[in-house]
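Student: pasting the structure only:
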């Protein structure tokens, strides 16, 4: 059996020099904020590495982009602890959106607390309840949202553009790190001393809910630990569905 990763893949390929990446990212975020002025755009943060890149780029430069997270009720304690870490470092409290208690109760009563292991449909129903519905509330009244998705992360994201149209909510969606590599992400975090989720050092390049995330082994893609019992082609939670490309990959 292949060993569990001992930490992030810092020695992989780089897309371009770090100074150029930083300047490009700052320009992208400034452009997004300018296109949607008046607190009309938000970053959806999972509190993992990519989203901490964006959090630092936004908060350290006071870019007019709000930040929220989805507190599903099943997160690792390390992930929840990142809310306090961000507030301590940047003086900003990330807004947390939780699932509706009555919806959780109905699901658990009907199927059981961990029914998501039983079928893709039950797993997607859990994600809908704990992630998608809270996301819809978080995005009420905004014109656009920002994510930390990257093309390199999995087979479901290889064609990811920098800008999409979110058809489910009829708003713009931006992926400013779409063309970044994992090594790019960690070069940024290391250079700027950005706080990171402790789970990354334990073989978790992608972090979701605790019962649905395992450590990744050498040679696996970065999202292999998410819903590991499913086919690799179905492993999205629904947050990033129903979008149409509105520009090229470049």
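Tutor: Looks like it came in fine. Since this is a predicted model, take the numbers as computed values, not measurements.
Student: use CA for all of it now, contacts and neighbours both
Tutor: OK.
Student: Now residue 144: phi and psi?
Tutor: phi -160, psi 160 (degrees, to the nearest 10).
Student: And residue 118, by the same measure?
Tutor: Given degrees, to the nearest 10, the pair of backbone angles that residue 118 has is phi -80, psi -30.
Student: residues touching it, list them.
Tutor: Applying Cα atoms under 8 Å, 6 or more residues apart in numbering to residue 118 gives no contacts.
Student: how far away is it from residue 25?
Tutor: Distance of residue 118 to residue 25, given as Cα to Cα, to the nearest Å: 41 Å.
Student: same thing with residue 31?
Tutor: In terms of Cα to Cα, residue 31 sits 10 Å off from residue 25.
Student: repeat for residue 135
Tutor: On the measure of Cα to Cα, residue 135 and residue 25 end up 24 Å apart.
Student: Now stretch 218-230: buried residues?
Tutor: For stretch 218-230, a neighbour-count test (16 or more other Cα atoms under 10 Å) marks 221-228 as buried.
Student: same check, this time on stretch 97-110
Tutor: Applying 16+ other Cα under 10 Å to stretch 97-110 flags 97-99, 104, 107 as buried.
Student: What are the contacting residues of that stretch?
Tutor: By Cα under 8 Å, 6+ apart, stretch 97-110 touches 68-73, 113, 126, 129-131, 133-135, 137-138.
Student: By neighbour count, sort out the buried ones in these.
Tutor: 68-72, 126, 129-131, 133-135, 138.
Student: one step back: go through the buried residues of stretch 218-230 and say which is closest to residue 188.
Tutor: residue 222 (17.9 Å; Cα to Cα).
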